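Chemist: how would this look folded up:
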Amino acid sequence: MAEETGVELGCFLPTLGGLAVGALSIYDVFYTLSMLGQSIFGDVVISSVLKEFLSLQISVGLSSTILALLGSFLLLRGRFRMGVVSNLLSACTALATVVNPMRYGLQLPIAAVIGGAAGVVLISAGAVLGFTLRHREVSGGPLLRSIEVATTAVFSALYAAMILMLVIPSPTGGYTHIGDTIVFLSALLFGYKVGGLVGILGSVTADLYTAYPRWYVSILAHGLEGLIPGLVRGRPLAMQVLACLAGGFLMASTYFLVNIFLKGYPLALLSYARDLFIQSGVSIAIAIVVSNIVKKALPELR
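Modeler: Sure, this is the predicted structure:
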């Protein structure tokens, strides 16, 4: 009974802390813009340094939330070691939301700072509880098999190459491409681990090559884009399509959430439509067709 209570607390505490950190990170950027007399319902005009802070604050805050939720899910599944790792990463990103304003010379309300610190403590407490339950670990095999490592490397390189070769500059800033086809394809053929890693590694590689200043946003956006479809690998076609749509929606929505604070709502909405219907929509259509062709040719990938 005591161990069951420990599992429940180990799930509840980081979930509560992660949600608090994510909400506070969004509050932080709203507060910063309001202090500058800026509104997201018009054109936002701020320095590149502030753009970096706002996008980083949102990215690390939401990443902390997702990692905390993942940690809780892993604990429920009996994967205590991985749950602890996920919660520790969540605590580190949560701590970044507390430290970032000071690094940029910004002062937030003391209540926001205390709330962020409390989130770090709650997530860390969940990690500690998970560590004490590690003796109940359910064996799940290696994190990545050798074939998955090789596949991730190849598809990540292909994804980065497609982004760089087929890039179309956008009038709202950034660029449009259909390289996300590779993310959906890798997820549908090889599962969520390969899909998520390809989304992260390929997009970040391309961002760093082109000197895109907010590359860290891609970790969250394209990681989710590859993770979600990979969860339904081998399931009926309708489920795969829905999962791809969900992944594309999360990718576009992540960028939208960042862009409304950097560009203002009107331009962010245009970028959102581009990401959702062109970049994601076209990529999903191609990936679904190609994946089914590949599965027919190679039945072992079904």
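Chemist: any stretches of the stretch 1-150 of the chain with poor pLDDT?
Modeler: Counting by pLDDT under 70, the stretch 1-150 of the chain has low-confidence residues at 1-6, 134-142.
Chemist: got the contact list for the most centrally placed residue in the chain?
Modeler: Closest to where the C-alpha atoms of the chain average out (Cα atoms, centre = their mean) is residue 220, at 2.1 Å. Going by Cβ atoms under 8 Å, 6 or more residues apart in numbering, residue 220 touches 59, 62-63, 66, 254. For the C-beta atoms, the positions are set from N, CA and C on the backbone; glycine is no exception.
Chemist: quickly find the element holding it.
Modeler: Applying DSSP states H and E as the criterion places residue 220 in helix 216-230.
Chemist: what pLDDT, on average, does that helix get?
Modeler: Helix 216-230 shows a mean pLDDT of 93.
Chemist: next helix or strand past that helix?
Modeler: Using DSSP H and E, the first helix or strand after helix 216-230 is helix 237-262.
Chemist: that next one vs helix 216-230, what angle?
Modeler: Computed by axes from the mean of the first three to the mean of the last three Cα atoms, to 10 degrees, the angle separating helix 237-262 from helix 216-230 equals 160 degrees.
Chemist: following helix 237-262, which helix or strand shows up next?
Modeler: Past helix 237-262, the next helix or strand by DSSP H and E is helix 265-273.
Chemist: now do the buried residues in that next one.
Modeler: The neighbour-count check on helix 265-273 (16 or more other Cβ atoms under 10 Å) flags 265, 267-268, 270-272 as buried.
Chemist: need those in JSON lines with pLDDT and distance to residue 295, can you?
Modeler: Output for these, formatted as JSON lines (pLDDT from 0 to 100; distance: Cβ to Cβ, whole Å):
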{"residue": "265", "pLDDT": "84", "distance to residue 295": "42"}
{"residue": "267", "pLDDT": "85", "distance to residue 295": "40"}
{"residue": "268", "pLDDT": "88", "distance to residue 295": "37"}
{"residue": "270", "pLDDT": "87", "distance to residue 295": "36"}
{"residue": "271", "pLDDT": "88", "distance to residue 295": "34"}
{"residue": "272", "pLDDT": "91", "distance to residue 295": "32"}
